[in-house]
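Trainee: Structure for this input, please:
(chains A and B)
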Amino acid sequence: MNAQKLLELADDELILGWRNSEWTGIAPLLEEDVAFSSIAQNEIGHARAWYELAARELGTTADELAFDRQPDEYRCSTLVQLRLVPDWARTIARHCVYERSDQARIEALKQSEDAEVAGLAAKIDREEAYHRMHAEMWSERLKDEPRFSAALEELEPLFDVRDEHVPEFAALWEEMTMVRRSVAGATW
Amino acid sequence: MVTEQQVWDALAEIPDPEIPVISLVDLGVIRSVDVSRDQVRVEFTPTFLGCPALEVMRDAMAERIAALGVQPDVQVISDDSWSTDRITPAGREKLRASGFAPPALRELGGPKLVQLQSNAFRCPYCGSQDTALENIFGPTPCRSVRYCRSCRQPFEQFKTI
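Mentor: Here you go, the predicted structure:
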């Protein structure tokens, strides 16, 4: 599979994982603190697996792709870049929009002619099933809430937008790459 | 010369780093063991891709194999060959006995929210099916949290994946 496409996937999962982790410790319910932390962990695990495939094609490593690129080299969707803390309605709306769009993408990847891509997509799909159930549960709970409906309308078109970065992406990049910029090649 | 059985026996002594009551062999994450003259190749599949115990498991396997006097070659395989159906019957019983409800079998179909919200799961402490979903997510990616209305005990449910 084309390395640039793999990077889109990996960047989406890494940056969304990062944004989800911003709820750790401050979610409106303890259960959601645990849920968003766990979802973040899964997404970053998926990012690593996609980066490893891309790294092999590009002759580099997953860590270099995740942390050593310049901001304008990240190919993630506008949807995942937005910093939505502390807005719960928009956070859940993004979660619903992302999981739905990502499901369609994973289904297509499961049919890939590249056996490694298809196998990895199938493995990821098993985990994503739980993210989708979580999104479904919240969507049911908030469906009559006007702020949630407005957020869905605002965020739905953004999954396929990748042409430029939102302003708050700069601060995320600064923080995310700080360790590797301070100590080249750091591992953890 | 080391035999394949000696390797399996050695690997069966490695506890899961996060649920130490069961071994890596019970967990079904070791897909194959291949013994050649002075090297042992092990193929192993992660449970969840973001599992932070991955490196610990890989290093523990390499260490055990090296202790048998052969060169370890532990390969992490990120394909779709692991599901919770690979947990052995002995592993499922060890989970239950230590307060983790074992995963539902995959043959019943993939997980659905209505199923998780139903009382289809049994309390590992008292055996009652009067249990409720508290949280799809739990302390590690592989677990959900449930509550038993009968013995009033929260418990962790291994997710079916």
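Trainee: going forward, measure contacts and count neighbours with C-alpha atoms only.
Mentor: Fine.
Trainee: Nearest residue to the one residue in chain B that gets nearest to chain A in space, please, no chain neighbours.
Mentor: Relative to chain A, the nearest point of chain B is B:G50 (3.6 Å; Cα to the nearest Cα). Closest residue to B:G50 apart from its sequence neighbours, by Cα to Cα, 6 or more residues apart in numbering or on different chains: A:G45 at 3.6 Å.
Trainee: Same check on B:L54?
Mentor: In space, B:L54 is closest to B:P46, 6.6 Å off (Cα to Cα, 6+ apart).
Trainee: Where does the one you found sit: helix, strand or coil?
Mentor: What DSSP: H, G, I helix; E, B strand; the rest coil gives for B:P46 is coil.
Trainee: And the residue with the largest distance to the centre of chain A, how close does it get to A:A89?
Mentor: Distance from the C-alpha centroid of chain A peaks at A:D144, with 26.6 Å (Cα atoms, centre = their mean). Using Cα to Cα, to the nearest Å, one gets 12 Å for the distance from A:D144 to A:A89.
Trainee: Pull the distance from the strand or helix carrying A:V34 to the chain's centre.
Mentor: Using DSSP states H and E, A:V34 maps to helix A:30-58. How far helix A:30-58 lies from its chain's middle: 7 Å, per Cα atoms, centre = their mean, to the nearest Å.
Trainee: what do you get for stretch B:18-25?
Mentor: With Cα atoms, centre = their mean, you get 7 Å for stretch B:18-25.
Trainee: Ok, stretch B:118-133 next?
Mentor: The answer for stretch B:118-133 is 20 Å, by Cα atoms, centre = their mean.
Trainee: cool, stretch B:135-147 as well?
Mentor: On Cα atoms, centre = their mean, the centre of stretch B:135-147 falls 14 Å from that of its chain.
Trainee: what sits up against it?
Mentor: Residues outside stretch B:135-147 that contact it (Cα atoms under 8 Å, 6 or more residues apart in numbering or on different chains) are A:31, A:34-35, A:38-39, A:41-42, A:130, A:134, B:47-48, B:50-51, B:131-134, B:153-159.
Trainee: one more time with 7 Å
Mentor: Contacts to stretch B:135-147, defined as Cα atoms under 7 Å, 6 or more residues apart in numbering or on different chains, come from residues A:31, A:34-35, A:38, B:48, B:131-134, B:153-159.
Trainee: Next, count neighbours for B:P15.
Mentor: 18 (other Cα atoms under 10 Å in any protein chain shown).
Trainee: Now do the phi/psi pair for it.
Mentor: As for B:P15, its main-chain torsions (degrees, to the nearest 10) stand at phi -80, psi 150.
Trainee: Who's the closest spatial neighbour of it, skipping the chain neighbours?
Mentor: Of all residues not flanking B:P15 in the chain, B:S23 sits nearest, at 4.2 Å (Cα to Cα, 6+ apart).
Trainee: can you check A:T91 too?
Mentor: In space, A:T91 comes closest to A:L84 once its chain neighbours are excluded; the distance is 5.9 Å by Cα to Cα, 6+ apart.
Trainee: With A:E127 instead?
Mentor: Counting by Cα to Cα, 6+ apart, A:E127 lies nearest to B:I161, which is 6.8 Å off, once chain neighbours are set aside.
Trainee: And for A:K143?
Mentor: Nearest non-adjacent residue to A:K143, counting by Cα to Cα, 6+ apart: A:S149, 7.1 Å away.
Trainee: Could you pick out the residues of chain A near chain B for me?
Mentor: By Cα under 7 Å from any Cα of the partner chain, the residues of chain A that approach chain B are A:31, A:34-35, A:38, A:41-42, A:44-46, A:116, A:119-120, A:122-123, A:126-127, A:133.
Trainee: Could you rerun that using 8 Å?
Mentor: Selection of chain A residues close to chain B by Cα under 8 Å from any Cα of the partner chain yields A:31, A:34-35, A:38-39, A:41-46, A:49, A:116, A:119-120, A:122-124, A:126-127, A:129-130, A:133-134, A:137.
Trainee: before we move on, the earlier item: the residue of chain B closest to chain A contacts A:I44, doesn't it?
Mentor: Yes - the criterion here is Cα atoms under 8 Å, and B:G50 meets it with A:I44 at 6.4 Å.
Trainee: What's the separation between the residue nearest to B:P15 and B:P141?
Mentor: Using Cα to Cα, B:S23 is found at 18 Å from B:P141.
Trainee: Run the angle between the helix or strand A:L14 falls within and helix A:30-58 for me.
Mentor: For A:L14, the element it lies in under DSSP H and E is helix A:3-21. Between helix A:3-21 and helix A:30-58, the angle comes out at 160 degrees (axes from the mean of the first three to the mean of the last three Cα atoms, to 10 degrees).
Trainee: What are the contacting residues of helix A:3-21?
Mentor: By Cα under 8 Å, 6+ apart, the list of residues contacting helix A:3-21 from outside reads A:36-37, A:39-44, A:46-51, A:53-54, A:57-58, A:66, A:74-77, A:80-84.
Trainee: before we move on, the earlier item: model confidence score at the residue nearest to A:T91, please.
Mentor: pLDDT, A:L84: 98.
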